[in-house]
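A.B. asks: Got a sequence here, can you build the structure:
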Amino acid sequence: MSHDLGFFSVKQGATTSEIRSLYQHSCNGDEISWPRSTAFDSFVASLEKEYPCLDSLSDDEVDDSPWSCGFDKGDGHIIVSMVFSKAAETGNYIWGLLEQNELIVYDPQADKAYLGKIELQESQATKKWWQFWK
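C.D. replies: Residues are numbered from 1 along each chain as shown. Coordinates of the predicted model:
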């Protein structure tokens, strides 16, 4: 059993439905286009330094890895799958990285996307005419 998470560069106006769609397309092996950011690059570099991708480990190192499979990674996004037994440790490390690098996080188990602690809207709602000046 594993816990999956998707991490995406911040894009103004991103919605949960947009992130969900990108996540699903990426998991299906489709090429997705999403902007890259320095925060994303820093996050990935730090994550891979502390917990290298399963694909880069020797057979002896695999059992100690928190990952249940290799990363699904592209420009502006990375999807990881953590083994349950190491999810708390790895999740704490990831939380620390997210405090330093603002990213959108998609939790497919809960079907929710977040920017920091703020949940993204399901879709891009249009403002009422009186809200344009706020």
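A.B. asks: Tell me which helix or strand comes right after the helix or strand harbouring residue 81.
C.D. replies: Using DSSP states H and E, the element containing residue 81 is strand 77-83. With elements assigned by DSSP H and E, the helix or strand that comes after strand 77-83 is helix 87-100.
A.B. asks: Tell me the helices and strands packed up against that following helix.
C.D. replies: Helix 87-100 sits against strand 2-8, helix 38-50, with contacts defined as 3 or more CB pairs under 8 Å, 6 or more residues apart in numbering; DSSP states H and E. The way it works is simple: take the backbone N, C-alpha and C, and place the C-beta from them, glycine included.
A.B. asks: Can you give me the distance of residue 35 to residue 110?
C.D. replies: 25 Å (CB to CB, to the nearest Å).
A.B. asks: How about residue 37?
C.D. replies: Distance from residue 37 to residue 110, by CB to CB: 24 Å.
A.B. asks: Comparing the two, which residue is more hemmed in?
C.D. replies: Taking neighbours as other CB atoms under 10 Å, residue 37 and residue 110 compare with residue 37 leading, 18 against 9.
A.B. asks: Now do the more buried one, the pLDDT please.
C.D. replies: The score at residue 37 is 97. That number is its pLDDT.
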